[in-house]
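In: Whatever this is, show me its structure:
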Amino acid sequence: MTTTIGTALDAETTDAVAAAVAALAGRRIAVLTGAGVSTDSGIPDYRGQGAPVRTPMTVDQYISSEAARRRYWVGSHLGWRAFAAAAPNSGHRAVADLETRGIATGVVTQNVDGLHVRAGSRRVVELHGTMRRVFCTHCGQVFDRRDLAQRVERDNPWILVPENVALGPDGDVLPESVEGFRIPACSVCGGVLKPDVVFFGEFIPAEKFREAEQLVHTSEALVVAGSSLVVNSGIRLLERARRRRMPVVIINRGATRGDARATVKIDAGTSEVLRALADSLPALD
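Out: As a prediction, this is how the structure comes out:
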């Protein structure tokens, strides 16, 4: 089968994509994505060039300090509308296309933005959780984040969401003031609410990582897109693939911890490269 790689790519990237197609063709692919996949949707990444300097809140700070929770919820709410309004980009859609055609077995993502789901991917393992849900740390009741946002605005009618915010990777902003803000509590038991995401200092739930491992185990190749692989969960999945002698293709602007273990490394934007792969890989027999 003859394929044509997109003409928008430069010569070096075109050659790298061709090498990736040769390594991946005829294989069922697991896809692992990081924050770099969502930058073209307007959500900044953590460690890429120009990424904002962050001092993330730890789970211990959040649980133990009412002041920390107030600061978190103000910043999170101010960024929520912009974060929720972000749309899937061509990279997300390319991954969904690969799954629809039976080439991709699914996607494991380190992102909490839900954009793979909205792009149409059906098997999505959200390693670090999702901002779509909030749960009570006392009784376990789960709430839709959209409903909670309405409650926050009802309880804090003075809060203004600016049109342009310096959005963080997790949908938060740095608030100028938190004075007087009423922290949302569980409407069932009055307990402490927490977004359904893995905070710094928390471990990924064991069952979630096993699900990610299973997706890689049932595949024949691994594509890593938009992740520097600094987080241990990503490098552990890459190591699972390497031990099974699976081809590994890494797409990321700049170096990653896994470059030395990659079959092909493509130093370019994820949107255009994933689209080129989806357009170039032949259907499986």
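In: For the closest residue to residue 58 other than its chain neighbours, the count of nearby residues, please.
Out: Using C-beta to C-beta, 6 or more residues apart in numbering and skipping residues adjacent in sequence, the residue nearest residue 58 is residue 201, 4.0 Å away. (Glycine included, C-beta is placed from N, CA and C.) Number of residues near residue 201 (other C-beta atoms under 10 Å) recorded here: 13.
In: So residue 201 is in contact with residue 57, correct?
Out: No: taking C-beta atoms under 8 Å as the contact criterion, residue 201 and residue 57 are not neighbours in contact, 9.0 Å apart.
In: any idea where the helices of the stretch 151-285 of the chain begin and end?
Out: Defined through DSSP state H, counting those that start in this stretch, the helices belonging to the stretch 151-285 of the chain, from first to last, are 206-217, 232-243, 270-280.
In: Could you spell out the sheet neighbours of whatever helix or strand residue 133 lives in, each with its direction?
Out: Secondary-structure element containing residue 133, defined by DSSP states H and E: strand 129-136. For strand 129-136, sheet partners with direction are given as strand 142-144 (antiparallel), strand 193-197 (antiparallel), following DSSP bridges.
In: Report the angle between that strand and helix 206-217.
Out: On the basis of axes from the mean of the first three to the mean of the last three C-alpha atoms, to 10 degrees, strand 129-136 is oriented at 160 degrees to helix 206-217.
In: Tabulate the CA atom coordinates of the helix or strand hosting residue 108 in CSV.
Out: Using DSSP H and E, residue 108 falls within strand 104-109. The C-alpha coordinates for strand 104-109 follow below in CSV (Å, rounded to 0.1, in the frame of the first residue of the first chain):
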residue,chain,number,x,y,z
ALA,A,104,-4.9,1.7,18.0
THR,A,105,-6.0,-0.5,20.9
GLY,A,106,-6.7,2.7,22.9
VAL,A,107,-5.0,5.6,24.6
VAL,A,108,-3.4,6.0,28.0
THR,A,109,-3.3,9.7,28.9
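In: list the helices and strands that strand packs on?
Out: In terms of contacts (3 or more C-beta pairs under 8 Å, 6 or more residues apart in numbering; DSSP states H and E), strand 104-109 is packed against strand 29-33, helix 90-100, strand 124-126, helix 206-217.
In: Need these in a markdown table (columns: mean pLDDT).
Out: Listed next are the helices and strands packed on strand 104-109 as a markdown table, based on pLDDT from 0 to 100:
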| stretch | mean pLDDT |
| --- | --- |
| strand 29-33 | 98 |
| helix 90-100 | 98 |
| strand 124-126 | 98 |
| helix 206-217 | 97 |
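In: Most tightly packed of the ones you listed?
Out: Neighbour counts averaged per stretch over these are highest for strand 29-33, at a mean of 28; criterion: mean count of other C-beta atoms under 10 Å.
In: from the chain's centre, how far out does it sit?
Out: What separates the centre of strand 29-33 from the centre of its chain is 12 Å, taken as C-alpha atoms, centre = their mean, to the nearest Å.
In: how much does that strand deviate in direction from helix 232-243?
Out: Angular relation of strand 29-33 and helix 232-243 on a 0 to 180 degree scale: 160 degrees, by the same axes, to 10 degrees.
In: who does strand 29-33 pair up with?
Out: Using DSSP bridges, strand 29-33 pairs in its sheet with strand 104-109 (parallel), strand 221-225 (parallel).
In: List the buried residues of the first one.
Out: Pointing back at strand 104-109 there. Residues of strand 104-109 classed as buried under the neighbour-count rule (16 or more other C-beta atoms under 10 Å) are 104, 105, 106, 107, 108, 109.
In: Tell me which two of those residues sit farthest apart.
Out: By the measure C-beta to C-beta, 105 and 109 form the most distant pair in the buried residues of strand 104-109, at 13.8 Å.
In: Residue 200 and residue 228, how far apart?
Out: Shown here: residue 200 relative to residue 228, a distance of 16 Å by C-beta to C-beta, to the nearest Å.
In: quick one, which of those two is more surrounded?
Out: For residue 200 versus residue 228, the count of surrounding residues by other C-beta under 10 Å is larger for residue 228: 24 against 13.
In: so the more buried one sits right up against residue 34, yeah?
Out: Yes: between residue 228 and residue 34 there is a contact at 6.9 Å, judged by C-beta under 8 Å.
In: which residue sits closest to residue 267, ignoring its sequence neighbours?
Out: What sits nearest to residue 267 in space, not counting adjacent residues and going by C-beta to C-beta, 6+ apart, is residue 253, at 6.3 Å.
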